[in-house]
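Asker: Would you be able to build a 3D model of this:
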Amino acid sequence: MMNSKVFYTFTITCFLLVSKLWASDIVLPKPMLKQVKEDPGYIMKGDTITLKCIKESGEVNMFYLVHEKPNGKNESQQQSTGEFLFRSIQKENNGDYFCRYCNQKACSEFSSPLNIFVHDIFPRPHINVSPQRIVHPGTTVTITCTTLYSNVEFSLFQNNTIFKNGNDGGNQFSYVISNASQGNVGFYSCMFKSKTNGMRSVRSNTMKISVLELPHPLMFWEEDPSDTKMLRINCTAPYNREYNRFLFTLLDGSKIIEEDVTAEDQTVIFSVPKPKYTTKQYRCLYRVKIDFDYADSLYSIEEIKAKGFLILIVRHILSALILILTGIILLLHFKDGRNSDEKPPDLPPVSARYKRKTKIVEFDVDE
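Answerer: Numbers count the residues shown, from 1 in each chain. Predicted coordinates for the structure are as follows:
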């Protein structure tokens, strides 16, 4: 009898051990570890982030998060949900993170590593100058600084000196130079700091603003001797030994670009159709490269009148007069038609004149 009990116990124990070994060989699908953060951009010291262990459908009893530190030491934590919250994250949280999950029967593989790096200074903002960095005197110039972060205050530098602080109410700040002059020439950059914890950003890259007035080119037109339907517009930049390459631009009266020509010579010739019975306006300017920027010249204007332009004007005037006279005639005719359709007014009754007849009576007179 004892032998039967021992055999039974031994059999059950072996079955459980084999079942456990068999179960340990089951591996669940690999999860994905993802960082969730309210604000975009870098992870800054003091931020709140969530590491989310995402798995396929199925029952889960426990999630595990392993932190592999830069010094080689590991830390782990476990919980019943797959979202691991980190409040006021610090530099000590730098490193690679892995996650896995388990149910009553088996565990999954570890996820691919997710690297977390906590910055103690914000990344540099972006600076932009509009319309361009080399402008004519009196031009309006706008300097704009932007970042991915909100609730910040910007500082604008001119030649490494802060001269303006502010915020436009979001994640950018704009400063407008309404009448550019030599006093606005300089190197501009910006940075920002958090209104929450006072942490600052790296300084932005530098933008140089220059004020330069390039004189307008000499411009005239002539008929094309080889084609009677075409005209040649000559555009010549003033001589300046500093510039050896030009970009000439021809625009129409609506400032739409007709043609761009790059030349090492100071003169270019544009070919345009000859206008018919009209006036055509053209503008010409040139552009030169200064350091890494481009400067535009003032522009010249030339009006081209067709030979039949005066004849066309006279024709338009005569047509207008004919239309006016026709309108007057039609108006008078319309009034006469209305008068002929009206009934004549009633005449007063005819007054009859009566002539009283005189009766002559003859009689004798006694002597």
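Asker: Can you name the next helix or strand after the strand or helix carrying residue 129?
Answerer: Residue 129 is located in strand 126-130, with elements delineated by DSSP states H and E. Beyond strand 126-130 on the C-terminal side, the first helix or strand identified by DSSP H and E is strand 134-135.
Asker: Would you mind listing where the chain has pLDDT under the threshold?
Answerer: Along the chain, segments meeting pLDDT under 70 span 1-26, 38-41, 307-316, 335-367.
Asker: pretty sure residue 324 belongs to a strand, no?
Answerer: No: counting by DSSP: H, G, I helix; E, B strand; the rest coil, residue 324 is located in no strand; its state is helix.
Asker: Relative to residue 252, how far out is residue 159?
Answerer: With the distance defined as CB to CB, to the nearest Å, residue 159 ends up 41 Å from residue 252. Glycine gets a C-beta too; all of them are placed from N, C-alpha and C.
Asker: beta partners of the nearest residue to residue 82 once chain neighbours are set aside?
Answerer: Counting by CB to CB, 6 or more residues apart in numbering, residue 82 lies nearest to residue 53, which is 3.9 Å off, once chain neighbours are set aside. Beta-bridge partners for residue 53, by DSSP bridges, are residue 33.
Asker: Next, count neighbours for residue 53.
Answerer: 25 (other CB atoms under 10 Å).
Asker: Contacts only, for it.
Answerer: 31-33, 63, 65, 82-84, 99-101, 111 (CB atoms under 8 Å, 6 or more residues apart in numbering).
Asker: for residue 221, same thing?
Answerer: By CB under 8 Å, 6+ apart, the neighbours of residue 221 are 231-234, 282, 302, 304.
Asker: Nearest to residue 126 among these?
Answerer: Distance to residue 126, by CB to CB, is smallest for residue 282 among the contacts of residue 221, at 38.1 Å.
Asker: Who is the closest one paired with across the strands?
Answerer: Beta-bridge partners of residue 282, as defined by DSSP bridges: residue 252, residue 302.
Asker: ok, it touching residue 233?
Answerer: Yes: here residue 282 reaches residue 233: they are 6.0 Å apart, a contact under CB atoms under 8 Å.
Asker: Grab the most central residue of this protein for me.
Answerer: For the chain, the residue sitting closest to the mean C-alpha position, by CA atoms, centre = their mean, is residue 130 at 12.1 Å.
Asker: and residue 113, how far is that from residue 161?
Answerer: 45 Å.
Asker: These two: which has the busier surroundings?
Answerer: Looking at residue 113 and residue 161 with other CB under 10 Å, you find the greater number of neighbours at residue 113, namely 13 against 8.
Asker: The helix or strand containing residue 270 packs against which elements?
Answerer: Assigned by DSSP H and E, residue 270 belongs to strand 267-273. Helices and strands touching strand 267-273, by 3 or more CB pairs under 8 Å, 6 or more residues apart in numbering; DSSP states H and E, are strand 230-236, strand 246-252, strand 257-263, strand 279-290.
Asker: Indicate which one of those is closest to residue 297.
Answerer: strand 279-290 (5.0 Å).
Asker: angle of that closest one against strand 267-273?
Answerer: 150 degrees (axes from the mean of the first three to the mean of the last three CA atoms, to 10 degrees).
Asker: still on that earlier bit, may I have the strands that pair with the strand holding residue 129, each with its orientation?
Answerer: Here strand 126-130 has these sheet partners by DSSP bridges: strand 141-146 (antiparallel).
Asker: Centre of the chain to whichever helix or strand comes after the partner strand, how far?
Answerer: For strand 141-146, the following helix or strand on the C-terminal side (DSSP H and E) is strand 152-158. Its chain's C-alpha centre and that of strand 152-158 lie 23 Å apart, by CA atoms, centre = their mean, to the nearest Å.
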